[in-house]
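Asks: Please find the sequence and the predicted model below.
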Amino acid sequence: MMVVAIAPTFFFKRPPKPVGRSAGPPDTVPAEPRAPLPPPTAPPRPPGRPAAGEAADTVWVATPLYRFGFSTRGAQLVAAQLLTYRSFAPGDSARPVDLVPAGRPLLVHRLVAGSDTVALADWRFTPSARELRVADRGVLSFTGTRGGAAVTLTYRFRPDDYLFDVEGEVSGLGPTGALLVLGLGDGVRSVEADSMDDYRNYSIVAKAARPERTDFRSLDPGERVELNGPFEWVGIKSKYFFVVALALEEHRPQFGGALAIGGPRNGKAAARAAVAVTLAVPQAGQFGYQVYAGPLEYRRQARIGHGLDDANPYGGILRGMIQPVSVGVVAVLLWMHERLSLAYGWVLIIFGLLVRLLLWPLNQKAMESSVRMQAVAPLLKATQERYKNEPERLQREMLRLYKEHKVNPVGGCVPMLLPMPVLFALFFVFANTIEFRGVPFFWLPDLSRADPLYIIPLVMGLSMFALSKIGQIGVPPNPQTKMMLYFLPVMMTVMFLNFASGLNLYYAASNIFSLPQQYLIARRRLRQAPVPKQVTS
């Protein structure tokens with residue numbers, strides 16, 4: 001329990017794995033590791049923001065899942081509204097989640113050909129439609145020309161997925177091909193009630209051999225961190241949402257590298273870090289990639305494959321142990337919610353009951369082992385006194401007593417440890433799983449956040465006290481166990497006050513469902529008085 005309470009504060013302090021670090025201005029053009037780009041010659045400004053007096057229209061793409069807005073200035077993403085998710089941020093509460101921060105567009109394209117840099121954010125593009133409603137598959141193209149060069153950007157959408165394709169065609173930039181620098185912005189918009197907690201989860205995730213994460217808060221303002229590829233995908237994430245560029249198809253080249261530049265800090269949490277990736281554009285002038293802009297939903301990302309479901313792993317540094325249990329627990333909870341048509345609160349209560357029913361036989365054996373251990377305790381004490389100066393003889397005699405009385409000295413511990421992986425897994429599930437975000441239950445406004453009235457933590461503490469109190473019936477008085485009877489429930493209640501209310505609900509239900517078995521065992525303990533035997537030499 002102490003690990004659950006304390007360890008998460010250390011889980012996400014892993015240092016980034018950069019190729020190099022250097023100080024630089026926040027708007028310096030990201031560089032491909034093998035071919036550094038020249039610095040900009042003009043004073044930098046936020047990428048994609050039109051100059052004063054320049055008008056830009058927004059073309060909206062609508063599906064049942066989202067409304068994406070693309071600007072005619074740079075053909076960049078200026079709005080990503082997720083219609084099935086509600087924002088909890090104080091400024092736009094109850095509105096749909098919008099992943100794009102105001103004035104900070106995503107998918108900002110820049111082309112480098114030789115010594116020339118072409119910033120498409122300053123181009124005026126002509127769209128193929130002024131509005132697009134996607135029923136089956138939708139295509140939206142933007143065409144722009146300037147100084148003999150022409151660029152066409154084509155976006156292909158699906159109505160039932162947050163994943164869309166981007167195809168580009170470039171001409172007039174020279175015979176040697178070019179380098180595309182794709183700006184992913186400087187972080188998604190915070191849409192959570194606790195923005196500081198959201199900022200602590202802001203990070204860059206890139207997959208080469210396996211997904212690697214670099215937290216925004218590990219970057220100092222203005223600090224440059226270059227990441228060498230090739231990468232299958234590179235993305236930026238918050239606590240529950242994800243924007244990622246993917247180069248997954250075999251005939252497409254992978255991203256050559258990525259660059260992050262630390263932005264301003266918000267208290268101890270870094271709120272922003274400009275992120276860009278590079279992609280080679282062949283001499284033919286055609287390039288392509290995919291974009292996922294949506295929730296960190298494990299099952300949806302698992303269907304895409306390529307390790308995208310590991311972009312938001314459960315367990316932090318304990319991932320190897322926690323991740324499999326968490327994925328299994330989430331699968332069971334979602335299945336119960338969907339098949340039984342029950343609210344998640346009731347699902348958690350039933351899940352707590354099922355866990356206790358499954359562990360009932362093991363708990364029964366553990367309690368029986370405890371009764372036998374209590375009966376043989378006087379014999380063990382006498383044996384220890386008799387052979388305290390003969391360690392080898394003492395060990396043999398104690399093993400003989402265990403065998404004669406059918407006592408397993410660790411038999412009572414294993415069943416107590418079995419529920420712990422589930423409890424650990426649920427801690428991370430409620431901290432990272434979007435399915436529980438904003439889910440109410442009775443007076444609880446959100447199962448993924450703390451109980452504002454502290455009712456559930458108090459019920460959890462009282463149930464723990466009752467469980468311990470009944471468990472001491474028939475046990476010989478012991479000052480240490482009496483102290484723990486009061487100290488442990490109080491300590492656990494204080495620790496769990498600010499944990500997710502869903503976690504407290506599960507733990508309270510699990511404790512309450514354990515009371516009948518604990519009572520039956522206590523009565524049996526009272527009926528079976530110890531019958532000590534004489535210790536023979």
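Replies: Arrived safely. Residues are numbered from 1 along each chain as shown.
Asks: Now do Gly222 against Glu404, distance only.
Replies: From Gly222 across to Glu404, the span is 73 Å (CB to CB, to the nearest Å). Where you see a C-beta, it was placed from the backbone N, CA and C, and this is true even at glycine.
Asks: okay, and for the stretch 251-400 of the chain, where does confidence drop off?
Replies: 251-253, 268-270, 315-318, 366-375 (pLDDT under 70).
Asks: quick one, helices of it?
Replies: 298-304, 319-340, 344-386, 391-404 (DSSP state H, counting those that start in this stretch).
Asks: Can you give me the neighbour number for Leu497?
Replies: 16 (other CB atoms under 10 Å).
Asks: quick one on the thing from earlier: of Gly222 and Glu404, give the one with the bigger neighbour count.
Replies: Gly222 (15 against 11).
Asks: Got the phi and psi for that one?
Replies: Main-chain torsions, Gly222, degrees, to the nearest 10: phi 80, psi -10.
Asks: is it true that it touches Ile261?
Replies: Yes: with contact defined as CB atoms under 8 Å, Gly222 reaches Ile261; the gap is 6.9 Å.
Asks: Which stretch among the helices of the stretch 251-400 of the chain approaches Leu426 most closely?
Replies: helix 319-340 (6.4 Å; CB to CB).
Asks: How about residues contacting the closest one?
Replies: 298-299, 313-316, 342-344, 347-348, 350-351, 421-422, 424-426, 428-429, 433, 435 (CB atoms under 8 Å, 6 or more residues apart in numbering).
Asks: same thing with stretch 435-451?
Replies: 85-86, 88, 193-194, 240, 297, 330, 333-334, 343-346, 348, 429-431, 433, 452-453, 455-457, 497-502, 504-505.
Asks: In helices, which of those residues appear?
Replies: 330, 333-334, 344-346, 348, 429-431, 455-457, 501-502, 504-505 (DSSP state H).
Asks: Could you identify the buried members of the residues you listed?
Replies: With burial judged by 16 or more other CB atoms under 10 Å, the buried subset of the ones in helices among the contacts of stretch 435-451 is 330, 333-334, 344-345, 348, 429-431, 456-457, 501-502, 504-505.
Asks: any idea how far Ser203 is from Lys239?
Replies: On the measure of CB to CB, Lys239 and Ser203 end up 10 Å apart.
Asks: And Thr383, by the same measure?
Replies: 58 Å.
Asks: And these two? Which one has more around it.
Replies: Ser203 (25 against 18).
Asks: For burial, what's the neighbour tally of the closest residue in space to the more buried one that isn't next to it in sequence?
Replies: Excluding the flanking residues, the one nearest Ser203 by CB to CB, 6 or more residues apart in numbering is Asp215, at 4.6 Å. Burial of Asp215 is recorded as 19 neighbouring residues (other CB under 10 Å).
Asks: wait, isn't Asp215 in contact with Tyr199?
Replies: No: using CB under 8 Å as the test, Asp215 is too far from Tyr199 to be in contact (10.0 Å).
Asks: circling back: indicate which one of the helices of the stretch 251-400 of the chain is closest to Ser514.
Replies: So among these, helix 344-386 is nearest, using CB to CB, at 5.6 Å.
Asks: what helices or strands is that closest one leaning on?
Replies: helix 319-340, helix 391-404, helix 414-417, helix 419-432, helix 501-527 (3 or more CB pairs under 8 Å, 6 or more residues apart in numbering; DSSP states H and E).
Asks: Put together TSV for those, with distance to Leu227 on each row.
Replies: As requested, those are exported to TSV (distance: least, CB to CB, whole Å):
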stretch	distance to Leu227
helix 319-340	20
helix 391-404	57
helix 414-417	40
helix 419-432	23
helix 501-527	35
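Asks: Please identify which of these is closest to Tyr155.
Replies: helix 419-432 (29.8 Å).
Asks: quick one: low-confidence ranges for the stretch 51-200 of the chain?
Replies: 51-54, 174-175.
Asks: Tell me which other helices or strands the helix or strand that contains Thr143 touches.
Replies: Secondary structure assignment for Thr143, by DSSP states H and E: strand 138-146. For strand 138-146, the packing partners by 3+ CB pairs under 8 Å, 6+ apart come out as strand 58-62, strand 126-127, strand 149-157.
Asks: Throw those into CSV and include distance to Ile512 and mean neighbour count, thanks.
Replies: Formatted as CSV, the helices and strands packed on strand 138-146 follow (distance: least, CB to CB, whole Å; neighbours: other CB atoms under 10 Å):
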stretch, distance to Ile512, mean neighbour count
strand 58-62, 47, 18
strand 126-127, 60, 16
strand 149-157, 49, 20
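Asks: what would these look like in TSV with distance to Leu184?
Replies: Shown next, in TSV, are the helices and strands packed on strand 138-146 (distance: least, CB to CB, whole Å):
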stretch	distance to Leu184
strand 58-62	19
strand 126-127	22
strand 149-157	16
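Asks: of all these, which lies closest to Pro361?
Replies: strand 149-157 (53.0 Å).
Asks: between the closest one and strand 138-146, how big is the angle?
Replies: 170 degrees (axes from the mean of the first three to the mean of the last three CA atoms, to 10 degrees).
Asks: Who is the closest residue to Phe164 other than its chain neighbours paired with across the strands?
Replies: Leaving out its chain neighbours, the residue that sits closest to Phe164 by CB to CB, 6+ apart is Phe157, at 4.7 Å. In this entry, Phe157 is beta-bridged to Gly138, by DSSP bridges.
Asks: where's Phe157 relative to Trp60, distance?
Replies: Distance from Phe157 to Trp60, by CB to CB: 12 Å.
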